[in-house]
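Trainee: Give the three-dimensional model of this entry:
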Amino acid sequence: MSFTRAVSKELTKTMLSCGGFGDKTMSHLKVLEATPGMVKFNLTVEKGDSNIYDTMHGGLGASLVDLCSSVAILSKCKRWGVSTDMQVSYLKGAPVGKDITIVGQCDRAGKTLAFSSCFIYNEKGDLLLKGQHTKFMGTPLVELELDD
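Mentor: Down below sits the predicted model:
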């Protein structure tokens with residue numbers, strides 16, 4: 001199994017076990033590419049993801065920073081970790097019906113803390129949102145299944 005597929009499988013398994021938010025909002029998030037420390041995703045902004053202006057809700061943007069940067073950390077450290085700090089900057093809206101690309105990257109991983117970044121782009125490549133995320137890494141190891 002490819003590394004991208006293994007990361008996608010772990011993400012799906014985790015989201016389904018969480019129920020609620022993971023099932024509903026993140027169900028249309030797709031892993032496009034994964035390497036250790038970087039994961040690229042695609043999502044089409046749906047009506048249920050929007051605010052009163054028919055653009056992606058800021059809460060979804062923050063959740064994408066949380067999840068996608070966490071998956072980037074997982075791809076490098078094989079741990080989900082626990083959030084200690086997160087910062088999000090909203091630069092431009094993403095209209096309903098449009099595709100966005102989310103890139104999560106693990107910037108540094110130590111014994112107890114991991115630092116990551118997340119960037120969200122529109123179809124033209126314009127930067128819509130950027131975030132930084134710090135996680136405590138004292139959680140159990142996750143086994144990424146690379147063999148079928």
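Trainee: buried stuff in the longest helix belonging to the chain?
Mentor: Across the chain, the helix with the greatest residue count (assigned by DSSP state H) is helix 58-77. If you call a residue buried by 16 or more other Cβ atoms under 10 Å, then helix 58-77 has these buried ones: 60-77. Just so you know, the C-beta spots here come from the backbone N, C-alpha and C atoms, and that holds for glycine as well.
Trainee: So which residues of this protein form helices?
Mentor: 3-18, 21-24, 58-77.
Trainee: worst-scoring helix or strand of the protein, pLDDT-wise?
Mentor: None of the helices or strands of the chain scores lower by mean pLDDT, DSSP states H and E than helix 21-24, at a mean of 60.
Trainee: Output the helices of the chain as CSV; include the columns distance to T139.
Mentor: Putting the helices of the chain into CSV (distance: least, Cβ to Cβ, whole Å) gives the following:
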stretch, distance to T139
helix 3-18, 12
helix 21-24, 17
helix 58-77, 10
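Trainee: and those, which one's lowest on average pLDDT?
Mentor: The minimum mean pLDDT among these belongs to helix 21-24 (a mean of 60).
Trainee: end-to-end on stretch 34-53?
Mentor: This stretch, stretch 34-53, spans 33 Å end to end (Cα to Cα, to the nearest Å).
Trainee: just stretch 75-93 next, same as before
Mentor: In stretch 75-93, first residue to last residue: 28 Å (Cα to Cα).
Trainee: And that stretch, what's buried?
Mentor: 75-77, 79-81, 86, 88, 90, 93.
Trainee: Identify the bridge partners of F115.
Mentor: R108, T134 (DSSP bridges).
Trainee: That one is in contact with M137, isn't it?
Mentor: No. If you go by Cβ atoms under 8 Å, F115 and M137 don't touch, sitting 10.6 Å apart.
Trainee: Can you pull the residues that touch both of these two?
Mentor: Between them, F115 and M137 share these contacting residues under Cβ atoms under 8 Å, 6 or more residues apart in numbering: A109.
Trainee: these two touch, right, T35 and A6?
Mentor: No. If you go by Cβ under 8 Å, T35 and A6 don't touch, sitting 11.6 Å apart.
Trainee: Between these two, which is the more surrounded one?
Mentor: A6 (18 against 14; other Cβ atoms under 10 Å).
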